[in-house]
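Asker: Build me a model from this:
(2 chains)
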Protein chains: 2
Amino acid sequence: MSRDSRHAADDLAELSDRLLTMAGLAEERLRLALRGLVERDEAVLAAVIAGDSSINNLQMEIDDRCFKHIALFQPVAVDLRTVVSTLKINADLERIGDLAVNVAELAQRYSQHRPVKPLIDLPRMADLAMRMLRDAIEAFIKRDVNAAQKVLRDDDWLDGLKEQIFRELLTFMLGSPQTIEPAIDLILISRHLERIGDHATNIAEDVIFVVDGRDVRHRVTLNAPVERRRPLQTPPV
Amino acid sequence: MSRDSRHAADDLAELSDRLLTMAGLAEERLRLALRGLVERDEAVLAAVIAGDSSINNLQMEIDDRCFKHIALFQPVAVDLRTVVSTLKINADLERIGDLAVNVAELAQRYSQHRPVKPLIDLPRMADLAMRMLRDAIEAFIKRDVNAAQKVLRDDDWLDGLKEQIFRELLTFMLGSPQTIEPAIDLILISRHLERIGDHATNIAEDVIFVVDGRDVRHRVTLNAPVERRRPLQTPPV
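Answerer: From the prediction side, this is the model:
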């Protein structure tokens, strides 16, 4: 390994490290939003909504490092795919931070009503989404395709939970009109959690792309919607 | 201009062209989904949900071209930012295609109920979202920062429409429980349209990044949520 390629590998390792920190910050903000929702804690929700400059700064730092890495080391093949995927994942993590704000805003509005029901399934959904996120990032850093595929499978569970929450809340709304407004907030929160699962899924797909150079976004499988899947292709680089 | 840099410029121009086609396909799918919703046309909705391999194939072709461009021409500065932004925009356009499917699925469920009301504001919201998308892509291709900034401003209008739709549907639901289920579908559709506006906004932010090398995602302005804005920074490359 030449001095240059060692330097490039070090730079990539540092980049992974920063991405892991970014994922931790995004997850922490979602955790706070859920705590604010469940405990009806106005101060916690206000803090999430006020934003956190550390996640914004880190996002820009990571983007910056990726561009510098490409310009400096001119990576190809798996290294180029890694850097470009890092840029994409960084964007996914920023959106998760934004979604945490959206959850906190809905939770704030929800808190102005009497609770519709004890919140059991929404926190379960959030826990699953956060685990998917952690697993996807870890799979990316370890370049572990099996772990990435598990994240894709977990997404079906998340979907199931979302449907269950929807059906249950609908029953409440049909039974008593005063629950309509707050129940809609809970439904919208469940949709935001679903989207966090989608971002984790994006990251997992990036892992498979980085490692195998194959694009699994549109592959055809029996259990998956046709739209997102297609036959395997030759590597892009 | 050397032969190599002319070749690189030609390759970038072709890439722009393909991206424009991709945007057209994404917009067409959303337009069909809305038509299926408004006209309660099951066949149109089924066609949107069944998916369209041309948009998937084009997405992968564009990704592929971007990677090859970086590996072959090793672009720096504005050209590197253009290629990486193309990758990001390509992902945004794919998500818009997915959102069109989500809209069609909700429209299918909605069609099983009696109409809640004549649909006026949802098509208006969709028109605005599609115009934002077209404007953002055109701004990207022309590297027109002013046009990109207009897209960012339009997003506030989209938000206003979404709130108005929500309030109106809530009134229906509170008045007659049999509208609850279909009205929720319309609310969820409005949220998907909001997300299409978010993707257009992402693209507009990429334009400013490509042209100025400045990251406007977290800039601070008076009329905008704190979370997405921050002071200007030095260019990343």
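Asker: buried residues in stretch A:38-51?
Answerer: A:38, A:44-45, A:47-49, A:51 (16 or more other C-beta atoms under 10 Å in any protein chain shown). Using the backbone N, CA and C atoms, a C-beta is placed for each residue, glycine as well.
Asker: Just confirm yes or no for it near chain B.
Answerer: Yes. Stretch A:38-51 is in contact with chain B by C-beta under 8 Å from any C-beta of the partner chain, via A:49-51.
Asker: Quick check: buried residues in stretch A:127-146?
Answerer: With burial defined by 16+ other C-beta under 10 Å, the residues of stretch A:127-146 counted as buried are A:128-130, A:132-140, A:145.
Asker: wait, stretch A:153-161
Answerer: Neighbour counts over stretch A:153-161 (16+ other C-beta under 10 Å) mark A:154-155, A:158, A:161 as buried.
Asker: Now for the buried residues of stretch A:38-51: which two are most distant?
Answerer: Spatial extent of the buried residues of stretch A:38-51 (C-beta to C-beta) is set by the pair A:Val38 and A:Gly51 at 21.3 Å.
Asker: As a check, name the ranges of all helices in chain A.
Answerer: A:3-38, A:42-50, A:53-73, A:77-110, A:121-142, A:145-175, A:180-212 (DSSP state H).
Asker: what's the distance between the last one and the middle of its chain?
Answerer: Computed by C-alpha atoms, centre = their mean, to the nearest Å, the separation of helix A:180-212 from the middle of its chain amounts to 6 Å.
Asker: now do the fourth one
Answerer: Going by C-alpha atoms, centre = their mean, the spacing between the C-alpha centre of helix A:77-110 and its chain's C-alpha centre is 6 Å.
Asker: per-residue confidence averaged over that helix?
Answerer: The pLDDT scores in helix A:77-110 average 95.
Asker: can you tell if it touches chain B?
Answerer: Yes. With C-beta under 8 Å from any C-beta as the criterion, chain B is reached by helix A:77-110 at A:77, A:80-81, A:84, A:87-88, A:91, A:94, A:97-98, A:101.
Asker: Please dump those residues into CSV; it should also carry distance to A:Ala26 and neighbour count for every row.
Answerer: What follows is those, written out as CSV (distance: C-beta to C-beta, whole Å; neighbours: other C-beta atoms under 10 Å in any protein chain shown):
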residue, distance to A:Ala26, neighbour count
A:Ala77, 29, 13
A:Leu80, 25, 20
A:Arg81, 22, 21
A:Val84, 20, 25
A:Leu87, 16, 18
A:Lys88, 14, 19
A:Ala91, 11, 20
A:Glu94, 8, 24
A:Gly97, 5, 23
A:Asp98, 9, 20
A:Val101, 11, 23
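Asker: Show me which of these is closest to chain B.
Answerer: A:Val101 (5.2 Å; C-beta to the nearest C-beta).
Asker: I'd say the closest one and A:Ala46 touch.
Answerer: No. At 11.1 Å, A:Val101 does not count as touching A:Ala46 under the criterion of C-beta atoms under 8 Å.
Asker: so where is chain A shaky, pLDDT-wise?
Answerer: Filtered on pLDDT under 70, chain A yields the residue ranges A:1, A:215-237.
Asker: Let's see that with 50 instead.
Answerer: Within chain A, the stretches with pLDDT under 50 are A:220-237.
Asker: check contacts around A:Glu105.
Answerer: Listed by C-beta atoms under 8 Å, 6 or more residues apart in numbering or on different chains, the contact set of A:Glu105 reads A:Ile49.
Asker: Skip the chain neighbours and tell me the closest residue to A:Phe172.
Answerer: Closest residue to A:Phe172 apart from its sequence neighbours, by C-beta to C-beta, 6 or more residues apart in numbering or on different chains: A:Thr179 at 4.6 Å.
Asker: and that neighbour, how many neighbours?
Answerer: Number of residues near A:Thr179 (other C-beta atoms under 10 Å in any protein chain shown) recorded here: 20.
Asker: which ones are touching it?
Answerer: Residues in contact with A:Thr179 (C-beta under 8 Å, 6+ apart) are A:116, A:169, A:172-173.
Asker: switch to 10 Å and redo it
Answerer: Listed by C-beta atoms under 10 Å, 6 or more residues apart in numbering or on different chains, the contact set of A:Thr179 reads A:113-117, A:169, A:171-173, A:186.
Asker: Any chance of JSON lines for these, columns neighbour count and distance to B:Leu34?
Answerer: Below are the contacts of A:Thr179 laid out as JSON lines (neighbours: other C-beta atoms under 10 Å in any protein chain shown; distance: C-beta to C-beta, whole Å):
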{"residue": "A:His113", "neighbour count": "14", "distance to B:Leu34": "32"}
{"residue": "A:Arg114", "neighbour count": "8", "distance to B:Leu34": "37"}
{"residue": "A:Pro115", "neighbour count": "13", "distance to B:Leu34": "36"}
{"residue": "A:Val116", "neighbour count": "21", "distance to B:Leu34": "32"}
{"residue": "A:Lys117", "neighbour count": "14", "distance to B:Leu34": "34"}
{"residue": "A:Leu169", "neighbour count": "24", "distance to B:Leu34": "27"}
{"residue": "A:Thr171", "neighbour count": "10", "distance to B:Leu34": "30"}
{"residue": "A:Phe172", "neighbour count": "16", "distance to B:Leu34": "31"}
{"residue": "A:Met173", "neighbour count": "22", "distance to B:Leu34": "26"}
{"residue": "A:Leu186", "neighbour count": "24", "distance to B:Leu34": "27"}
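Asker: closest to chain B among these?
Answerer: Distances from chain B to these, taken as C-beta to the nearest C-beta, are shortest for A:Met173 (5.2 Å).
Asker: shouldn't that closest one be in contact with B:Leu170?
Answerer: No. Applying C-beta atoms under 10 Å as the test, A:Met173 and B:Leu170 come out as separate, 11.3 Å apart.
Asker: tell me, what's touching the two both at once?
Answerer: With C-beta under 10 Å, 6+ apart as the test, A:Met173 and B:Leu170 both reach A:180-181, A:184.
Asker: Going by neighbour count, which of those comes out on top?
Answerer: Of the shared contacts of A:Met173 and B:Leu170, with other C-beta under 10 Å as the count, A:Ile184 tops at 25 neighbours.
Asker: Number of residues surrounding A:Arg3?
Answerer: A:Arg3, neighbours per other C-beta under 10 Å, totals 7.
Asker: Roughly how far does it sit from A:Asp10?
Answerer: Per C-beta to C-beta, to the nearest Å, A:Arg3 is found 11 Å from A:Asp10.
Asker: Check A:Leu169 too.
Answerer: Counting by C-beta to C-beta, the gap from A:Leu169 to A:Asp10 is 51 Å.
Asker: Over to A:Ile137?
Answerer: Per C-beta to C-beta, A:Ile137 is found 20 Å from A:Asp10.
Asker: And for A:Arg134?
Answerer: A:Arg134 sits 25 Å away from A:Asp10, going by C-beta to C-beta.
Asker: so which of the buried residues of stretch A:38-51 comes closest to chain B?
Answerer: Checking the buried residues of stretch A:38-51 against chain B with C-beta to the nearest C-beta, the nearest one is A:Gly51 at 4.1 Å.
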